[in-house]
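A.B. asks: starting from these lines, generate the structure:
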Amino acid sequence: MNNTKAIEVISKTGMLNYLECLVNTQLKKIALYPVFPITAAPNWSNKIEFVMVNPAPLAKLLESALN
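C.D. replies: Next up is the predicted model:
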């Protein structure tokens, strides 16, 4: 196996391990709504969503996966 192929396999394996740890950790989905400037009423049609990852359990899972 040449170096390029070895590096490719290692990077794919590392990414799969990271994604597996990410799936097994706590995730929180947050939705934010902008407000209209004058009335300060929420604009329900323009939702902004993002996902927050709790880093402490993820770090523990990654440490156990690497050891």
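
A.B. asks: from now on I want contacts and neighbour counts done on CA atoms only, so please keep to that.
C.D. replies: Noted.

A.B. asks: and the lengthiest helix in the chain, what other elements does it pack with?
C.D. replies: Taking DSSP state H as the criterion, the chain has its longest helix at helix 3-23. Here helix 3-23 touches helix 55-66, going by 3 or more CA pairs under 8 Å, 6 or more residues apart in numbering; DSSP states H and E.

A.B. asks: where in this protein is pLDDT low?
C.D. replies: Scanning the chain for pLDDT under 70 picks out 1, 58, 61-62, 65-67.

A.B. asks: work out which residue lies at the spatial centre of this structure.
C.D. replies: The chain has Val53 as the residue nearest its centroid, 5.8 Å off, counting by CA atoms, centre = their mean.

A.B. asks: now for it: which residues touch it?
C.D. replies: By CA atoms under 8 Å, 6 or more residues apart in numbering, the residues touching Val53 are Thr25, Gln26, Leu27, Lys28.

A.B. asks: next, the buried residues of the longest helix of the chain.
C.D. replies: For helix 3-23, a neighbour-count test (16 or more other CA atoms under 10 Å) marks Asn17, Tyr18, Cys21, Leu22 as buried.

A.B. asks: quick one: the residue nearest to the centre of the chain from Ala59, how far?
C.D. replies: According to CA to CA, to the nearest Å, Val53 and Ala59 sit 11 Å apart.
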